[in-house]
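> sharing a model that was predicted from the sequence below.
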Amino acid sequence: MRRPDARTRTVLAALCCAVVAAGLAGVALAGGIGASEPGGSGAGVLLTRTVLLGVFVLLLFLPFLPSVAEVFHPQDEYPLPVNLDYSKDPRYLGRSAWRILDRALEKTNGENGSLSVRMSKDEIVEVSGDRTIHKDDEIDGVMFVDGNVELEPEAACARDLYVTGDASIGRASSLRTLASKGRVRLEAECRVSRWIDAEGGIETGEECALGASAASGGAIRLGTGTEFRRLYGHPVGTGGTAARGAGPPLPDSPDPAGRPGDETEIRTIKDTLDLHENDLELAPGRRQERPVLVKGDLKLGRGAILTGPARVYGRTLLEPGALVLGDLFCEGPVEVGEGAAVRGNLFSQDTIELGPGVSVGEPDAPKSVVAKKAIRLAAGVRVHGYLLTEGEGKVV
């Protein structure tokens, strides 16, 4: 709150005095009326009316007392410190765990054995070198492997597993948590109950389940049938048909956002975007320069280009080869056809389906794909950045 100047404080003080004076005048008037009425000259009647009027004035003025006190004695003079550059780290789980472990392991001097570490609670961490976990092994504590680890088919690790090297997870194995500073390879039908993080990249076989989160400093490659909730990689891709690179070629656009050149000429919302009360369909090859707001459905024909952002209240369909350069925010379901591309963020309150060869974002400009109900990925999809759904995420 900005400290008011002397003139403002004077005006507020005068208003306060006027309210008090009005209250006193009301008290005096009530006393005069009470004294002039027949049978009302008694001290009890005068006292009662005076108290009632005084309480009324006090209750009328009471809600304004904190504001008046703030004006004369400001306690909130400066704005709250807000970091406008803050953004959530999608690899927070893995990085925070490694920070705790690295500090604790400095005390071991590279020796193997058991170590007590305070994580979310006190944990006994078993420290070892290269390790192979067999199907019948019983893992009771947290494991730290200084090297590579291999889980044989159908092996189980019910506690957290931290690996400085690569991790190879055999078919139909199950994990609770896995963090690796190398690469992670999951064979078909593996299950992660919580989360997985890998610095070097993640590759899954068919019908895997990646738990609540899978994040990597490298690429994530998903096999057919893989289920997920949250993904982050550079990029996140699916196997099968090869992706079509970066999608359709970028058109030359001096003003990708489609904003008016002179903001002083803006008069209504229609001066900043194209408002469509019903459906909007861009014919094949057509180019839309300005941002759009569509109350109905949006359809982009083959090769159509939308250079600015779009807000859609109905369904959204991008036919094969279509291109969106800005962000796409949709209330209804979104279907992106084969080889189409979205350079901005893609958001839906419903479902998002990315067809074969679809790309979202760019290597140097990661974006997000967020859908409340479901995200479905076809073969050859490439998403540079983040995927998140509260419902079902699956490679179909």
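In hand now; what should we look at?
> isn't residue 223 up against residue 395?
Yes. Contact criterion C-beta atoms under 8 Å: residue 223 and residue 395 qualify, at 6.8 Å. To be clear about C-beta, it is placed using only N, CA and C from the backbone, and glycine gets the same treatment.
> what is in contact with the two at once?
Here residue 223 and residue 395 have residue 238 as joint contacts, going by C-beta atoms under 8 Å, 6 or more residues apart in numbering.
> the more surrounded of those two?
Using other C-beta atoms under 10 Å, the more surrounded residue of residue 223 and residue 395 is residue 395, with 24 against 20.
> quick one, what contacts the more buried one?
222, 223, 224, 225, 226, 238, 376, 377, 378.
> mind doing that once more with 10 Å?
Neighbour list for residue 395: 204, 206-208, 222-228, 237-240, 375-379, 381 [criterion: C-beta atoms under 10 Å, 6 or more residues apart in numbering].
> got it, and residue 328?
So residue 328 contacts 298, 306, 309-312, 316, 318, 334, 336, 342-348, 352, 360, 369 (C-beta under 10 Å, 6+ apart).
> which of those residues are buried?
Buried members of the contacts of residue 328, counted by 16 or more other C-beta atoms under 10 Å: 298, 306, 309-312, 316, 318, 334, 336, 342-348, 352, 360, 369.
> keep only those of the residues you listed that are in strands.
Mapping the buried ones among the contacts of residue 328 onto strands (DSSP state E) picks out 298, 306, 310-312, 316, 318, 334, 336, 342, 346-348, 352, 360, 369.
> out of those residues, who's nearest residue 137?
Distance to residue 137 across these (C-beta to C-beta) is lowest for residue 369, with 38.3 Å.
> what are the bridge partners for that closest one, then?
Note on residue 369: beta-bridge partners by DSSP bridges are residue 346, residue 387.
> quick one, what contacts it?
Contact partners of residue 369, counting by C-beta under 10 Å, 6+ apart, are 231, 236, 328, 334, 336, 342, 345-348, 352, 354, 358, 360-361, 375, 377, 381, 383, 385-389, 393.
> try 8 Å this time
345, 346, 347, 352, 354, 360, 375, 383, 385, 386, 387, 388.
> how far away is it from residue 326?
15 Å (C-beta to C-beta, to the nearest Å).
> closest to residue 60 out of the contacts of residue 369?
residue 347 (47.9 Å).
> so the closest one sits against residue 331, correct?
No. Using C-beta under 8 Å, residue 347 and residue 331 do not qualify as a contacting pair, with a distance of 9.6 Å.
> between those two, which contacts overlap?
Joint contacts of residue 347 and residue 331 (C-beta under 8 Å, 6+ apart) do not exist.
> A helix includes residue 70, no?
Yes. Under DSSP: H, G, I helix; E, B strand; the rest coil, residue 70 sits within a helix.
> what pLDDT does it get?
Listed pLDDT for residue 70 reads 72.
> phi and psi next, for the residue most central in space within the chain.
Nearest to the mean C-alpha position of the chain, by C-alpha atoms, centre = their mean, lies residue 88 at 7.6 Å. In terms of degrees, to the nearest 10, the main-chain angles of residue 88 are phi -70, psi 130.
> ok, it to residue 230 distance?
Distance of residue 88 to residue 230, computed by C-beta to C-beta: 11 Å.
> ditto for residue 386
Counting by C-beta to C-beta, the gap from residue 386 to residue 230 is 8 Å.
> before we move on, the earlier item: show me the contacts for the residue nearest to the centre of the chain.
For residue 88, no contacting residues are found, by C-beta under 8 Å, 6+ apart.
> do the same with residue 332
Neighbour list for residue 332: 297, 312, 313, 314, 315, 316, 348, 349, 350 [criterion: C-beta under 8 Å, 6+ apart].
> same check, this time on residue 114
Counted by C-beta under 8 Å, 6+ apart, residue 114 has contacts 124, 125, 126, 127, 141.
> SS state for it?
On the three-state scheme (three-state DSSP), residue 114 is labelled strand.
> so how far is residue 197 from it?
For residue 114, the distance to residue 197 equals 24 Å [C-beta to C-beta].
> surely residue 327 touches residue 309?
Yes. With contact defined as C-beta under 8 Å, residue 327 and residue 309 form a contacting pair (4.4 Å).
> pull up the overlap in contacts between the two.
Here residue 327 and residue 309 have residue 344 as joint contacts, going by C-beta under 8 Å, 6+ apart.
> helices of the stretch 51-200 of the chain, start to end?
Under the criterion DSSP state H, counting those that start in this stretch, the stretch 51-200 of the chain contains helices at 65-72, 92-105.
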